[in-house]
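>>> what's the 3D shape of this:
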Amino acid sequence: MKNKQERTVVHVEISGLHFYFGSLTAVYTKFTPEQLGVALGTLRNYRVTSDKPYQNSKCIIRKGILVTVQKSVS
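So this is what the prediction gives:
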């Protein structure tokens, strides 16, 4: 198998829709704290992980790993 790369992915579920981001900070480029019902600082302090998602009445925020394969250069 070629060199595996792992990247953090943040999954946001809001109003039945699913969105994916590369970081917690990136989530706030699309949503406001009011829309999510939580501020960025609170999420950082909560330490969202794959085993410990953040959930409130407005959203669910999970963090996971996206596994990719390095492209070969021709």
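
>>> For the protein, which segments are assigned as helices?
Secondary structure of the chain by DSSP state H: the helices cover 24-27, 33-36, 40-46.

>>> To residue 57, which of those lies closest?
helix 33-36 (10.7 Å; Cβ to Cβ). Backbone N, C-alpha and C define where each C-beta goes, glycine included.

>>> Next, the contact list for the residue nearest the centre of the chain, please.
Closest residue to the average C-alpha location of the chain: residue 10 at 0.9 Å, with Cα atoms, centre = their mean. Residue 10 makes contact with 20-24, 26-27, 48, 61-63 under the criterion Cβ atoms under 8 Å, 6 or more residues apart in numbering.

>>> Go again with 10 Å.
Neighbour list for residue 10: 19-27, 43, 48, 61-64 [criterion: Cβ atoms under 10 Å, 6 or more residues apart in numbering].

>>> Likewise for residue 59?
Taking Cβ under 10 Å, 6+ apart as the test, what residue 59 contacts is 12-15, 17, 19, 27, 31, 35-38, 53.

>>> Return the member of these nearest to residue 72.
Out of the contacts of residue 59, the member with the shortest distance to residue 72 (by Cβ to Cβ) is residue 19, at 30.5 Å.

>>> So what pairs up with the closest one in the strands?
Assessed by DSSP bridges, residue 19 has beta-bridge partners residue 12.

>>> any idea how far residue 36 is from it?
Between residue 19 and residue 36 the distance is 11 Å, computed by Cβ to Cβ, to the nearest Å.

>>> what about residue 40, how many residues close to it?
Residues lying near residue 40 (other Cβ atoms under 10 Å) number 13.

>>> swap that for residue 3, sorry
Residue 3 has 9 nearby residues by other Cβ under 10 Å.

>>> between the contacts of residue 10, which is nearest residue 70?
residue 22 (17.3 Å).

>>> And the pLDDT at that closest one?
Per-residue pLDDT puts residue 22 at 95.

>>> cool, residue 50 as well?
So residue 50 comes in at 88 (pLDDT).

>>> cool, and residue 63?
95.
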